[in-house]
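1. make a model of this:
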Amino acid sequence: MNNYITLILLFLLAPTVTRGAYDPYRLKMSGYCREDINFILDGESDKEQSTRKSQLDYDHSLHASGYGAEEIRYILEGGPDKERALRKRELDLAVQYRLIGKDAEEARRLSAVIAAQTRSAIAKAEHRQAKQRMQSAFIPTYATPVPIPAFKFGARVYGPLISEEAIRRGMDPLLCIAVTQNESGYNARAVSPKGARGLMQLMPETAAILGVKNAFDPRQNVQGGISYLAEQLKTFGRVDLALAAYNAGPESVRKYRGLPPYVETIMYVQKVMKTYSDLKAASNMMAKR
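-> Okay, the predicted model is just below:
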């Protein structure tokens with residue numbers, strides 16, 4: 001008898017175990033038709049099944065609210081939730097215009113104009129917020145030369161070249177000098193055990209992407225290295241994360257959503273930031289003289 005009960009339980013639970021997040025029997029009892037159930041269970045993961053069920057629930061709620069098939073298709077084609085909500089609001093406005101005596105064509109036109117204005121306002125607000133976030137991050141723009149302390153002979157030799165390229169890219173020359181100092185010690189012929197080359201230690205693959213044909217040519221190397229560093233700073237918005245991406249690659253920073261837990265990278269970021277801080281302090285002293 002116990003075995004018989006166990007078999008029944010296994011039979012009832014089998015759909016849940018084998019089909020993922022949802023049991024087709026329970027879905028049917030909840031009012032979903034066979035087509036809807038198949039659509040939900042065709043999701044390859046629990047998350048996709050949940051997403052598909054949410055889509056159907058939204059579709060059904062629109063039906064229940066009195067929207068026609070064409071209107072529902074227009075709303076669902078909006079994609080992201082924000083755009084779908086805006087399209088739904090647009091249709092509701094058209095109905096309101098009809099209620100105050102506008103014909104269908106005029107009501108639709110007026111609602112579309114207001115929706116377009118709303119989209120424009122949202123886009124401007126998002127752009128303004130993104131700009132404010134970028135401004136709050138430490139991404140200074142330099143248009144004039146910065147006093148460069150000659151801590152090493154290499155800084156005097158390559159400082160003007162690094163400063164020129166950094167200013168051209170809107171970067172802090174002292175940050176670029178700090179990177180160069182820690183990467184190669186201003187050795188234009190340096191080659192790391194991993195194969196990185198030149199002043200700013202470009203890997204051959206990175207150099208090729210950046211259009212650097214000769215990584216041992218100081219100007220080409222500096223142009224490529226600063227361009228790559230500027231790209232990381234623009235992407236991650238923070239100096240420490242840009243340095244981590246320069247050292248370990250941007251994918252590592254994305255993967256860990258911050259500084260990668262690599263001892264080499266952590267030490268590298270700390271050393272460059274310390275050199276950068278020392279250079280800024282010395283530069284400020286020089287500027288006050």
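2. what about G198, distance to E231?
-> As judged by CB to CB, to the nearest Å, G198 and E231 stand 18 Å apart. (Glycine included, C-beta is placed from N, CA and C.)
3. the two: which is more packed in?
-> Under the neighbour definition other CB atoms under 10 Å, G198 and E231 were set side by side, and G198 has more, 26 against 16.
4. in a helix, S252, correct?
-> Yes - looking at S252 with DSSP: H, G, I helix; E, B strand; the rest coil, it is inside a helix.
5. quick one: buried residues of the helix ranked longest in the chain?
-> Taking DSSP state H as the criterion, the chain has its longest helix at helix 104-136. Within helix 104-136, the residues that qualify as buried by neighbour count (16 or more other CB atoms under 10 Å) are 107-108, 110-111, 115.
6. turn these into TSV, including pLDDT.
-> Formatted as TSV, the entries for these read as follows, by pLDDT from 0 to 100:
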residue	pLDDT
A107	83
R108	85
L110	86
S111	86
A115	84
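7. can you list the residues you listed in a markdown table and add distance to T206?
-> As requested, the buried residues of helix 104-136 are arranged in a markdown table below (distance: CB to CB, whole Å):
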| residue | distance to T206 |
| --- | --- |
| A107 | 57 |
| R108 | 53 |
| L110 | 54 |
| S111 | 51 |
| A115 | 45 |
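8. now do the same contact list for the residue nearest to A196 when sequence neighbours are not counted.
-> Nearest-residue entry for A196: M203, 5.2 Å, with adjacent residues in sequence omitted and distances by CB to CB, 6 or more residues apart in numbering. If you count contacts by CB atoms under 8 Å, 6 or more residues apart in numbering, M203 has them with 194-197.
9. sort out which of the residues you listed are buried, if you could.
-> Going by neighbour count (16+ other CB under 10 Å), those have 196-197 buried.
10. show me what the longest helix of the chain is packed up against.
-> Taking 3 or more CB pairs under 8 Å, 6 or more residues apart in numbering; DSSP states H and E as the contact definition, the neighbouring helices and strands of helix 104-136 are helix 81-99.
11. now the helix it packs on: buried residues?
-> Applying 16+ other CB under 10 Å to helix 81-99 flags 84, 86-88, 90-91, 93-94, 97 as buried.
12. what's in contact with it?
-> For helix 81-99, the external contacting residues (CB under 8 Å, 6+ apart) are 58, 62, 67, 71, 74-78, 104, 106-108, 110-112, 114-115, 118-119, 122.
13. quick one: distance of it to the chain centre.
-> Chain-centre distance of helix 81-99: 31 Å, with CA atoms, centre = their mean, to the nearest Å.
14. got the angle between that helix and helix 104-136?
-> The directions of helix 81-99 and helix 104-136 differ by 150 degrees, with axes from the mean of the first three to the mean of the last three CA atoms, to 10 degrees as the criterion.
15. model confidence over helix 81-99, on average?
-> Confidence for helix 81-99, expressed as mean pLDDT, is 83.
16. can I get that helix in CSV, CA atoms only?
-> Included here for helix 81-99 are C-alpha records, laid out as CSV according to Å, rounded to 0.1, in the frame of the first residue of the first chain:
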residue,chain,number,x,y,z
ASP,A,81,8.8,47.4,-19.2
LYS,A,82,9.2,51.2,-19.4
GLU,A,83,8.4,51.3,-23.1
ARG,A,84,5.5,48.9,-22.7
ALA,A,85,4.0,51.1,-20.0
LEU,A,86,4.5,54.1,-22.2
ARG,A,87,2.7,52.5,-25.1
LYS,A,88,-0.2,51.4,-22.8
ARG,A,89,-0.5,55.0,-21.5
GLU,A,90,-0.5,56.2,-25.1
LEU,A,91,-3.5,54.0,-26.0
ASP,A,92,-5.3,55.1,-22.8
LEU,A,93,-4.8,58.7,-23.8
ALA,A,94,-6.4,58.0,-27.1
VAL,A,95,-9.4,56.6,-25.4
GLN,A,96,-9.7,59.7,-23.2
TYR,A,97,-9.5,61.9,-26.2
ARG,A,98,-12.3,59.9,-27.8
LEU,A,99,-14.4,60.4,-24.7
